[in-house]
Structure formats: structure tokens, C-alpha cells
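Q: everything below, folded, please.
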Amino acid sequence: MALDIKEVKDPAPTVPAAPAAGTLKLCEARDVSHFFTPPNGKTVQALDNINLTIQPREVVTLLGPSGCGKSTLLRIMAGLIQPTKGQVFYHDQPLKGLNTGVSIVFQSFALFPWMTVTENIQTALQAYGVPPAEIEEKVQKSIQMVGLAGFEETYPRELSGGMQQRVGIARALSVDPEILFMDEPFCHVDALTAESLRAEVIDIWAAHDKNPSSILMVSHDIAEVVYMSDRIIVLGANPGHVVKIVENKLPRPRDYRSPDFTKLVELLHEIITGHEIPDVPEPQLAPNELPSAEALPEALPSEIVGILEYLDAREGKEDVFRIAAETDREFGAVIQVVKAAELLDFVDTPKRMVVLTPEGQRFVKATSQERQNIWREQLLKLRLFKQVYEMMLKHPRKKLDTDLAQEIIIFNLPSENYGKIFETFTQWAQFGNLFAYDEETQKLFFPRKRAYKPRPKTNGKTEGPGDSAGSAALGEPSVPPATSPESSAPTPPEQSVAAPPKPDEPSKN
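A: Model prediction:
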């Protein structure tokens, strides 16, 4: 079956259920751009010139990496956020205020814990202005629709995650929306429950004699997107923009194991991979010149170490799709870890492959102490770490306030979320024992000097305290704890090397 991909144009409908679907537009975003102004005063662009149309009898999905503005766009089209530029239209009329033709299913369930299932649904109908005489009938109808019969007087705490999300779906459907908006609705339930809920939502939508006529969904699960969608809007980040529009013409009901289904999943993988980790040569730098500052991907040190050890066990290379499948991790999260490893020059990413570089090979073969030294060396090749390091050396007490470190991040990366960047910055720095961080005093400082005592050799290799950090691929962080800045005189890392903690020593991170 041919898979039809279209560039960013006003796309044709993909579900010819109604003759008027080619001309009627239920909801439309025209040239929408949006800017935020965080507390630091630096304007951040979240969306750039988005054009999107929702037509009758179709399921449209927004797919893309974290931070590309998927949820922001959904809220703009629901009328919850006014776009900075552009306009939203509902039935060809400019949208003013809330879009009364839509309802939203949230990823966090968003239920009132002190209310029963029935009462949670009633609140939506009361807020919508439904006459009291009709509320009971609509509540019972929506409860039956999602399979909650018998749980009417149950409280959210007594329900499983999947049952709680059924309440959220019932509440959204109770007001008879023309378009159902769903913001990553299945991300907090187990895989089997999610699969069941997807099928139920599609069955509800497939009834052509009632609403919802269409669905707009945000998702980061590619298989979920292929199963649900008629049209897939692939978004890129920084700022959020449309990369591709993919029309899904696979017949329903869809089989996750069919060759055409798998082919479309791989196609979407390639689109996202090619955009997020493009195979382009790095610019040539003059001697001693630092590259321009790059945003630090949200990846824990142990996740980076884990993927390096994963590759080392597979002759130093693996297909990025296979990594995601074998580690049972969401594809976007794996991409973030791969980008982090690439930023540290531990891997290269030709085409779809992730390959250990010579520096990555040196790292995985090293002892724990040697790994810490290599990690620190790689950090000091990055502009953010180098600038903070040099500023700390100039300070009489070799310390730096958090505000100053964050100002360096803001200066270099004004469009990024400096809070998240700083969190990743401190995790990476502590893992390499480059800096320590005291949350109480809000200061960065050089770790105090102390002797390093390696433990006995096992399997011919000196086992250091950090060896367990990357043993579980893409696992939890193992970061040396920060010692108090007042406990002793700080010492820059080049003058001494601090020992990592013991494996059972709790991390403060």
C-alpha cells in the first residue's frame, strides 16, 4: 500500500465519510505563532506559523518531541490560550473566548478526588449549562458509553488508572462535543489498558450518527498515532513548527502487526530521526575555539552511560529504532539520550545508526574513576560548562550563585527553558565531579578534596563506585553527592579528584 506524505499545505481530507468533508472546516488555525515570557523576561517562541485544519469525520494527531508546542497548540485551538499571532476559526467564524464545540481529555485525569464518578461528570454538565432535568440522563449515557456501569458511586482513589481515565473520557463526552481534544490521554496507564482504551475511543468516534465528529489528539507514541489517526502532523521544536503531514490510509480496524502498519511506523521514525538528529557534518572550528552553546538534552547521566554500555555489548553500534524497542522506552526519550551522548562526543549518528566514537569506546572500557575523568573532560569542551568553570576559578572562594549560573544559560540560550537546562547541567556536572551543588545555599562549588580508595578487583577490573551507574540501560541517576560548601576549602577538579560515593550511598539528586 502506498503511503502518502504531503508537505505543509492545507491538506486534503483522508476519511471520505461525508461528501462535504472536502469543503467544510470544523476548526482551523491560520498562521498561528505564540510567544511566552518566562520570569527571566526573555521572550520564548513556542509556535511558528502553524496552519492546521480539522475536518468532519477524521482523527488528527500532533506528533513530535517534548517541547515542540503540541499541547500549546491544542489549548490555542480550544480557546484556552489566545495566540500571539494568527487566528483560530470555528466553522469559518473567528474564535472568541472558549471553543464551545470541543471538550478535552487531559493526560493527568484531572478528577475531583472528593467526588464520585457521577459527581465528576455532573460538574462538567453543570458548568456547560445543561438543564438539571437532563443531567442525570446524560451522565448515565456517558457512563454506559465508556463501560463504567456499576462504578457510579465510586471515588477516584478506588479506581485504577485506566478506570480513572474512563471517567475523564466520559466527562468529556457527556457534553456532546463536535470535536474531542485529547492531550496524551493514555500516557499514564499500562500498555494493555492503553490499547483497550484506544480501541474504545475509535469505536465511539466511528458511530457516524452522533458526536464527536472528529478527534484532535496529542501523542508521543508512534504506534498509537498510526493506530488512531487519519492525518498525522509531525512537529519540530525550537520553535514548534510543522515538519511533515502524513496521511494514513490504512483500513480500519488496524492491526499493529500488519506489514503496512509497521512500514508506516518506521516511516514516522525516520522523519523524526532525520529531523531531531540529522546526519550533517559538524562545522570546523579554529584551534581552542569552543562550539556555540547547545541546549542540554533532558537525559540523566545514568541513561547516557546505559546506552553506551548497551552499544558496547552490540559491537559498538545499533539501529536507533531497535534501541527503543529493546529498552522498552518511548522513542522520543531515546532520541534525547542519543542526542546527549552525541553532544558529549560519545556516539555518532550516521543515518539510523547510533555508533560509539573512539571517545565512547574509551569511556566504556575505563574504570569508574577513569570514566569520571573522561566525563569531566568532555563537559569542559562544552561552552556552558567551560564558562561556568572559568567564572568559578575567578571567584575568591571558588563558588558561584545559582542566579549567575542561570544567567550564563539565559545569555547563551535565550529561547530555552533555563530551569530545565540548569537541572540537567548540575546532574551532569556532579556525575563528572566537576562541580557540586548545594540546594540550601543555592551555590555551585568545587568538590572538596578527599582520597580515592579503589575497591578490590572483580573480573579483572577495578570496580569503582560508579560502575553500577550505567549497568542498567537508560536507568536511574547515580550522581556523587554534593558535600557542604562550608565543610572544607574548595579545590578545583584539576588540582584534586574527589571520590565517587559507594553504591549504597543515597544520591541527593
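Q: for the residue positioned nearest the centre of the chain, helix, strand, or coil?
A: Centrality entry for the chain: nearest residue to the mean C-alpha point is Ser66, 3.2 Å, by CA atoms, centre = their mean. Secondary structure assignment for Ser66 (DSSP: H, G, I helix; E, B strand; the rest coil): coil.
Q: looking at it now. What's its pLDDT?
A: pLDDT for Ser66: 74.
Q: could you shift the numbering so residue one becomes 12, and keep it that way?
A: Yep, numbering from 12; the last one is Ser77 now.
Q: what's near enough to touch it?
A: Contacts for Ser77 (CB atoms under 8 Å, 6 or more residues apart in numbering) come out as 231, 248, 309, 343, 347. For glycine as for every other residue, the C-beta is placed from the backbone atoms N, C-alpha and C.
Q: what's the helix or strand for the residue of the chain most remote from its centre?
A: Among residues of the chain, the one most distant from the C-alpha centroid is Ala144; the distance is 43.4 Å, by CA atoms, centre = their mean. Following DSSP states H and E, one finds Ala144 within helix 143-156.
Q: packing partners for that helix?
A: Applying 3 or more CB pairs under 8 Å, 6 or more residues apart in numbering; DSSP states H and E, we find helix 143-156 packed against helix 128-138, helix 172-185.
Q: ranking the ones you listed by burial, who's on top?
A: Of all those, helix 172-185 has the most neighbours on average by mean count of other CB atoms under 10 Å, namely a mean of 23.
Q: Glu189 - nearest residue in space that isn't next to it in sequence?
A: Closest residue to Glu189 apart from its sequence neighbours, by CB to CB, 6 or more residues apart in numbering: Gly112 at 4.3 Å.
Q: CA atoms of stretch 121-128 as PDB?
A: Extracted in PDB, the C-alpha atoms of stretch 121-128 (Å, rounded to 0.1, in the frame of the first residue of the first chain):
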ATOM      1  CA  ALA A 121      -7.900  15.900  36.400                       C
ATOM      2  CA  LEU A 122     -10.700  14.400  38.600                       C
ATOM      3  CA  PHE A 123     -12.000  15.900  41.800                       C
ATOM      4  CA  PRO A 124     -10.900  13.300  44.400                       C
ATOM      5  CA  TRP A 125     -13.700  14.200  46.800                       C
ATOM      6  CA  MET A 126     -16.400  13.500  44.200                       C
ATOM      7  CA  THR A 127     -17.800  10.200  43.000                       C
ATOM      8  CA  VAL A 128     -17.700   9.200  39.300                       C
END
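Q: mind listing the strands for the stretch 212-361 of the chain?
A: 225-230, 242-247, 252-258, 328-330, 358-359 (DSSP state E, counting those that start in this stretch).
Q: Three-state assignment for Ile432, please.
A: helix.
Q: gap between it and Ala138?
A: 39 Å (CB to CB, to the nearest Å).
Q: check the offset of the longest helix along the chain from the chain's centre.
A: Scanning the chain for the helix with the most residues, using DSSP state H, yields helix 270-287. How far helix 270-287 lies from its chain's middle: 18 Å, per CA atoms, centre = their mean, to the nearest Å.
Q: how far off strand 252-258 does that helix point, in degrees?
A: Between helix 270-287 and strand 252-258, the angle comes out at 170 degrees (axes from the mean of the first three to the mean of the last three CA atoms, to 10 degrees).
Q: what lies in contact with helix 270-287?
A: Contact with helix 270-287 is made by 12, 14, 16, 74-76, 233-234, 236-238, 243, 245, 247, 254-255, 257, 259, 261, 265-266, 331-332, 342-343, 346, 350, 363, as judged by CB under 8 Å, 6+ apart.
Q: what's the local residue count around Pro369?
A: When neighbours are counted by other CB atoms under 10 Å, Pro369 registers 9.
Q: equivalent analysis for Phe120, please.
A: 21.
Q: which pLDDT value belongs to the nearest residue to Phe47 once chain neighbours are set aside?
A: Leaving out its chain neighbours, the residue that sits closest to Phe47 by CB to CB, 6+ apart is Val55, at 4.9 Å. pLDDT recorded at Val55 is 81.
Q: dump the residue contacts of Val55.
A: Counting by CB under 8 Å, 6+ apart, Val55 touches 46-49, 425-428.
Q: just those residues: which are in helices?
A: Reading helices off the contacts of Val55, I find no matches (DSSP H).
Q: below-threshold pLDDT in the stretch 412-520 of the chain: ranges please.
A: Within the stretch 412-520 of the chain, the segments meeting pLDDT under 70 span 426, 460-520.
Q: buried set for the strand or helix carrying Glu381?
A: Glu381 belongs to helix 379-390 when elements are defined using DSSP H and E. Using 16 or more other CB atoms under 10 Å as the test for burial, helix 379-390 gives 379-380, 382-387, 389-390.
Q: now swap in stretch 136-155 and tell me
A: When burial is assessed from 16+ other CB under 10 Å, stretch 136-155 yields the following buried residues: 136, 141, 146, 149-151, 153-154.
Q: that one: how far from the chain's middle?
A: Counting by CA atoms, centre = their mean, stretch 136-155 comes out at 36 Å from the chain centroid.
Q: and for it, what's in contact with it?
A: With CB under 8 Å, 6+ apart as the test, stretch 136-155 has contacts from 128-129, 132-133, 160, 162-163, 181-182, 184-187.
Q: and those residues as a markdown table, adding distance to Glu211?
A: A markdown table is the format used below for the contacts of stretch 136-155 (distance: CB to CB, whole Å):
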| residue | distance to Glu211 |
| --- | --- |
| Val128 | 16 |
| Thr129 | 20 |
| Ile132 | 17 |
| Gln133 | 22 |
| Ala160 | 14 |
| Phe162 | 15 |
| Glu163 | 18 |
| Ala181 | 11 |
| Arg182 | 15 |
| Leu184 | 11 |
| Ser185 | 16 |
| Val186 | 18 |
| Asp187 | 18 |
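Q: could I get those as a markdown table with distance to Gln66 and pLDDT?
A: Shown next, in a markdown table, are the contacts of stretch 136-155 (distance: CB to CB, whole Å; pLDDT from 0 to 100):
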| residue | distance to Gln66 | pLDDT |
| --- | --- | --- |
| Val128 | 33 | 92 |
| Thr129 | 35 | 93 |
| Ile132 | 29 | 92 |
| Gln133 | 32 | 92 |
| Ala160 | 34 | 89 |
| Phe162 | 35 | 92 |
| Glu163 | 36 | 90 |
| Ala181 | 26 | 91 |
| Arg182 | 25 | 92 |
| Leu184 | 20 | 90 |
| Ser185 | 24 | 90 |
| Val186 | 21 | 89 |
| Asp187 | 19 | 89 |
